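Trainee: model this:
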Amino acid sequence: MKSISFFLSLFLASLFVNAQTFSLKKLGTATVDQYLNKAQFNDDYNGYVKQAYAASKNLPANFQTDSLLDCTTYLQDALNKHDIVLLPNNSLKISDKGLALHSNQVLLFQPNSKLVLIPTAKNSYNMLQVYGVSNIKVFYANLEGDRDKHMGKTGQWGFGIGIKGSDQVKIYSPYIKNTWGDGIYLGQTGKKPSTNIDINNAVIDNVRRNGISITSAKNVNILNSYISNTNGNSPQSGIDIEPNNIIDDVDNVTIKNLTTFNNKWAGILLVFEQFKATQEKTISINILGHTDTYSTYGIAFHGFKNDKTTSNLGGQINVQNTNYSKNKDKFFFYKTNLSQLNLNTTDSMMKSTFNKFKIKLK
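Mentor: Numbering: from 1, shown residues only. The predicted model follows:
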């Protein structure tokens, strides 16, 4: 993973040209509950609860009263030994080691279950790690990172849920806040992208880098989610689709019924700088029903820096049924080359502007 997104060098000096000071807009409990909408998945959840191992059996007798107890080792042992695990119905602290899930695992949070990261100086962590595994379900994750008490000043990779090189992962109604980096990260291990990933009814608030980053993934569905108050370390966007290098994939990524609110930069950011190459590359992205309020831009596009000839990148971006308000501008284009990409949208102004940055082949 790159230490800093490539596009930052282009506009770091101008990022704050708008001179507006970011101000956190607190989410109410009613908003959180509305978007999580856990009732939608309760039938499946309740079926798994009947089969689940209660992780409380692994914890010391005083786990409910010892506010300093590090529960990481106890919880990891439960996950290592059981496929279906039910967390205790209260708040638990974990270290920056995080909890690693294995294949064919189901992790269940109860109404008052919560994992809180013990403050760390590490510049990277995964509170829940999903690396190189398959067939994962996580119901109702409630995760709070350490951004307000973080002990270091460097890095941007403290994630709520880190998913790399994994297949068939379903995340139901996660509530993630205050992480040092992204709420959720989707990427690859080796040359294997994450595939068949469903994120449903997520609420992600006040994370420091991006609500959700997608660097390498195929067949992704992000549905009915709400991402707000992303601020602290660029790109500071609700969802950032930004491959790290040419071997990454962005294929059949669907974002449907997304609401982004008060993110420092963009509601959705699309950055393709690292796909500049001699070999052909194709992407497909569907953004269907995106509402943004108060982010600097509803959506922002970035192609190839200082380039007017490279035409290796093709594919389709669909942007339909957007509703952008109280932004500096509804959309923003970096002055770069968008190669041979096609934009399908009913927003005639967005499409016209997009086409100005495409390569005109003879």
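Trainee: Geometric centre of the protein: which residue is closest?
Mentor: Nearest to the geometric centre of the chain sits residue 212, at 1.4 Å (Cα atoms, centre = their mean).
Trainee: For that residue, what is the enclosing helix or strand?
Mentor: strand 210-214 (DSSP states H and E).
Trainee: Convert that strand to CSV, retaining C-alpha atoms only.
Mentor: Presented in CSV, the C-alpha positions along strand 210-214 are these (Å, rounded to 0.1, in the frame of the first residue of the first chain):
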residue,chain,number,x,y,z
ASN,A,210,-11.8,7.4,4.0
GLY,A,211,-15.1,5.8,5.0
ILE,A,212,-14.5,2.9,2.6
SER,A,213,-11.4,2.5,0.4
ILE,A,214,-11.5,0.2,-2.6
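Trainee: Tell me the gap between it and the middle of its chain.
Mentor: Offset of strand 210-214 from its chain centre (Cα atoms, centre = their mean, to the nearest Å): 3 Å.
Trainee: what's that strand packed up against?
Mentor: strand 184-187, strand 226-228, strand 237-241, strand 250-261 (3 or more Cβ pairs under 8 Å, 6 or more residues apart in numbering; DSSP states H and E). All C-beta spots, glycine's among them, are computed from the backbone N, C-alpha and C.
Trainee: What residues are bridge-paired with residue 332?
Mentor: residue 300 (DSSP bridges).
Trainee: Could you do residue 322 as well?
Mentor: residue 290.
Trainee: Contact partners for it?
Mentor: Contact analysis of residue 322 by Cβ atoms under 8 Å, 6 or more residues apart in numbering lists 287, 289-292, 298-299, 330, 345, 347.
Trainee: and if you look at residue 242?
Mentor: 5, 7, 213-215, 235, 269-272, 274.
Trainee: Go through those residues and say which is closest to residue 88.
Mentor: Residue 88 has its nearest neighbour among these in residue 213, at 30.2 Å by Cβ to Cβ.
Trainee: ok, the closest one to residue 26 distance?
Mentor: 24 Å (Cβ to Cβ, to the nearest Å).
Trainee: which of these two has more neighbours?
Mentor: The residue with more neighbours, out of residue 213 and residue 26, is residue 213; 25 against 10, by other Cβ atoms under 10 Å.
Trainee: quick one, strands of the stretch 1-150 of the chain?
Mentor: For the stretch 1-150 of the chain, the strands defined by DSSP state E, counting those that start in this stretch occupy 53-54, 84-86, 91-94, 99-100, 105-108, 114-117, 124-131, 134-139, 142-144.
Trainee: Can you give me the neighbour number for the residue lying closest to residue 167 once chain neighbours are set aside?
Mentor: Of all residues not flanking residue 167 in the chain, residue 134 sits nearest, at 4.3 Å (Cβ to Cβ, 6 or more residues apart in numbering). When neighbours are defined as other Cβ under 10 Å, residue 134 has 16 of them.
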